[in-house]
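**Q** Sequence and predicted model, in that order:
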Amino acid sequence: MKPFCLSLTLCGALLATGCVSTSPQAMRDIAPRAGEADAATLVVYREKSAQAALADVYIGTDDGYFIRLGDDEYAEVDLRSGFYELKAKAKGSVPSEATVKLNPEETVCMRARPNHEELHLLVIPFVNALVPSFVLEETECVDLDRFERQVAVAPQE
C-alpha cells in the first residue's frame with residue numbers, strides 16, 4: 001500500500017507544480033519594434049499525433065512562454081533576429097531546449113512533437129500518458145502550403 005500512496009503523491013505533486021501559461025510579457029524583449037528592419041519570422045507547427053494528443057505544447061524562452069499549440073496547429077511570430085534558446089513543454093513536464101538562429105528577413109520553421117525517446121518511457125510506460133513531454137526540431141520551410149490544413153494560433157504579443 002505504501003508504494004501506491006507514494007506514487008499517487010508524486011503524481012499529484014508533479015501535476016500541481018507543473019503550471020504553465022502563455023504571457024504577453026514573454027514577447028517584450030524579443031518582438032521587433034516598429035520600424036526595425038532586422039525582424040525574422042518563426043513558424044512553429046505541431047502535426048496531428050495520437051501520442052500526447054490531449055496535451056498542449058508551450059513554446060517560449062527563459063522570459064516565459066508565448067505560443068501554445070494543440071494537435072494540428074501552428075503559429076507564426078515575428079522576432080528580432082539573433083540566437084534564441086527556445087523551450088518546449090507540456091504542463092507538468094520538464095522543458096526541452098533547442099537553439100535556433102534567426103537571420104533578418106528570414107523564415108525559420110520548427111516542428112514541435114511529442115518526445116518518445118525518453119528512457120523513462122521504457123521503464124514506466126504510463127508516465128507519458130500522465131505527463132507528456134515535447135521537443136522542438138528545426139525543419140525546412142519548403143512546403144508552407146501544408147499549414148492551410150492546420151489551425152492557425154495567434155501568439156501572445
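**A** Perfect, thanks for sending it. Numbers count the residues shown, from 1 in each chain.
**Q** After the worst-scoring helix or strand of the chain on mean pLDDT, which helix or strand is next?
**A** Among the helices and strands of the chain, helix 2-17 carries the lowest confidence by mean pLDDT, DSSP states H and E, at a mean of 44. Counting by DSSP states H and E, the next helix or strand C-terminal to helix 2-17 is strand 39-46.
**Q** Show me the contact partners of that next one.
**A** Applying C-beta atoms under 8 Å, 6 or more residues apart in numbering, the contact partners of strand 39-46 are 32, 57, 59, 67, 69-81, 100, 102-113, 136, 141, 144, 147, 150. No exception for glycine: its C-beta is placed from N, CA and C like everyone else's.
**Q** If you count neighbours, what's buried in the following helix or strand past that strand?
**A** Downstream of strand 39-46, the next assigned helix or strand under DSSP H and E is strand 57-61. Of all the residues in strand 57-61, those buried under the rule 16 or more other C-beta atoms under 10 Å are Val57, Tyr58, Ile59, Gly60, Thr61.
**Q** Kindly report the same for stretch 82-97.
**A** Buried residues in stretch 82-97 (16+ other C-beta under 10 Å): Tyr84, Leu86, Lys87, Ala88, Lys89, Ala90, Lys91, Gly92, Ser93, Pro95, Ser96.
**Q** Tell me the confidence at Ala152?
**A** Model confidence at Ala152, expressed as pLDDT, equals 68.
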